[in-house]
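# missing the sequence, but the structure's below:
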């Protein structure tokens, strides 16, 4: 695979940065791109370009803006293979997942929000007032302004367009800071923006890290009117602190330690399949994933055995092999984090049902950030792997005896993202 050069996209032009950093393929450790890091001046220029483009873009009738969004979706579809290769190179995820989820849904987000904005209501009504007169109440919806879009690395295109789509639909302009781990598809989208004629400055991309780099420069910039971020909770706290300067609104989706509750009356096979998918898909790197599983005691042992079979049948391998069931973690750094939790579980006395380490990989993949799907039982609710988000392909399974107990266990967490319930009794 040739090494790509990824530049910043500012005001419709690609620009070199102040330095470059290497982007490695997490499946094999090979260099896939050299990425140009944006300077503070370039972040300033990107915000200025978005500010300059804002009045004309906001003034476009909704149907004209939505025509652009549909054209963007079609443009991604026309370059499907390019986006697929970029996403796989950045993440190492299996082609069978990326070509069914990441790229199609990444494109579809533009069409979805094009449809949504056409049907957003405005209110108008008259009402009596205490002085006997009348008042006319009506709503006017206006763009917020320049939006900083700070993106995660687990579903790079999908979650980026999930933010950019509604922002552009509502007449805002954006400056995107993709994760340094997954810079390719945000950059490639700049080419599509130009190809379909989106006005220059409506969409901008600045590359870099967080502190003392593009992330910090962007989120602290007073020319940014709102910030949207998906990612780790501590990063969200830092961004919220930055957003307090000027009291700018934020839209966050942060960590999760999600529970799955399986009752004895559930469709057993469907529950096993569902929990396996929620725990192991995308190598467990999904904020909505299930890392805590509570199973009604009569089916507990059977469920553990069945999920073990699913985990052991989920085979790692080459990303472009359609038989590959699980890809690598995003980086060596993240691999070490997940392995540290695997070690904590062992030290705390967990029963390791399966996994717990790094799989033996063929020579071509030995430098990748691989990890074994892992299941534990036997830990108390106070254990680190039960309390803290790991963001890897793992789960702890515990039994319960009553509905009230299951609900209490699921709710005993500082997180609040989601819970799934498997039962035949609605």
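Good, I have the coordinates. Since we're looking at a predicted model, the values are computed, not measured.
# quick one: the helices in this protein, in order.
Secondary structure of the chain (DSSP state H): helices at 40-59, 62-78, 80-91, 95-97, 103-118, 156-169, 184-196, 214-219, 233-243, 268-280, 300-313, 332-347, 384-387, 403-411.
# contacts for the fourth one next, please.
Outside of helix 95-97, the residues that reach it under the criterion Cβ atoms under 8 Å, 6 or more residues apart in numbering are 84, 88, 281, 282, 319, 320, 321, 322, 324, 327. Yep, even glycine has a C-beta here, placed from its N, CA and C like the rest.
# go with 7 Å
Residues outside helix 95-97 that contact it (Cβ atoms under 7 Å, 6 or more residues apart in numbering) are 88, 282, 319, 320, 322.
# how about the helices of the chain, which one is nearest residue 136?
helix 62-78 (23.4 Å; Cβ to Cβ).
# can I get the contacts of helix 95-97 in CSV including pLDDT?
Shown next, in CSV, are the contacts of helix 95-97 (pLDDT from 0 to 100):
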residue, pLDDT
88, 97
282, 97
319, 95
320, 93
322, 91
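# would you list the buried entries among these?
By neighbour count, with 16 or more other Cβ atoms under 10 Å, the contacts of helix 95-97 hold 88, 282, 319 as buried.
# my guess is the last one meets residue 327, correct?
Yes - taking Cβ atoms under 7 Å as the contact criterion, residue 319 and residue 327 are neighbours in contact, 6.1 Å apart.
# overlap in contacts of those two?
27, 92, 93, 94.
# wait, what's in contact with the first one?
Spelled out, it's residue 27. Contacts of residue 27 by Cβ under 7 Å, 6+ apart are 92, 319, 327, 328, 365, 368.
# which of the residues you listed lies closest to residue 340?
residue 328 (16.9 Å).
# report pLDDT for that closest one.
Residue 328 is assigned a pLDDT of 98 by the prediction.
# and for residue 284?
With respect to pLDDT, residue 284 has a value of 97.
# what's near enough to touch it?
Residue 284 touches 391, 392, 393, 394, counting by Cβ under 7 Å, 6+ apart.
# look up how far residue 146 lies from the closest residue to residue 92 other than its chain neighbours.
Nearest non-adjacent residue to residue 92, counting by Cβ to Cβ, 6 or more residues apart in numbering: residue 27, 3.4 Å away. Per Cβ to Cβ, to the nearest Å, residue 27 is found 36 Å from residue 146.
# ditto for residue 177
Taken as Cβ to Cβ, the span from residue 177 to residue 146 is 13 Å.
# ok, the two, which is more surrounded?
Shown here are residue 177 and residue 146; by other Cβ atoms under 10 Å, residue 177 has more neighbours (31 against 26).
# so that one sits against residue 147, correct?
No - look at residue 177 against residue 147 with Cβ under 7 Å: they stay out of range, at 11.3 Å.
# what's the neighbour count on residue 47?
25.
# who's in contact with it?
146, 175, 221, 223, 224 are the contacts of residue 47 under Cβ under 7 Å, 6+ apart.
# which residues sit in contact with the second one?
Looking back up the chat, that one is residue 175. Residue 175 neighbours (Cβ under 7 Å, 6+ apart): 46, 47, 50, 146, 148, 149, 204, 206, 218.
# next one, pLDDT for it please.
Value for residue 175, per-residue pLDDT: 98.
# quick check: the gap between it and residue 304.
48 Å.
# the last one now?
The spacing between residue 224 and residue 304, counted by Cβ to Cβ, is 48 Å.
# when these two are compared, which one has more neighbours?
residue 224 (23 against 18).
# the more buried one contacts residue 146, correct?
Yes - applying Cβ under 7 Å as the test, residue 224 and residue 146 come out as touching, 5.5 Å apart.
# can you tell me the closest non-neighbouring residue to residue 154?
Nearest to residue 154 is residue 285, by Cβ to Cβ, 6+ apart, at 4.3 Å.
# okay, now the unreliable bits of this structure?
The chain contains residues with pLDDT under 70 at 1.
# any idea which residue of it is furthest from its center?
residue 132 (53.3 Å; Cα atoms, centre = their mean).
# now it: phi and psi?
phi 90, psi 0 (degrees, to the nearest 10).
# against residue 421, how distant is residue 381?
19 Å.
# higher neighbour count, these two?
residue 421 (18 against 13).
# which residues touch the more buried one?
Contacts of residue 421 (Cβ under 7 Å, 6+ apart): residue 261.
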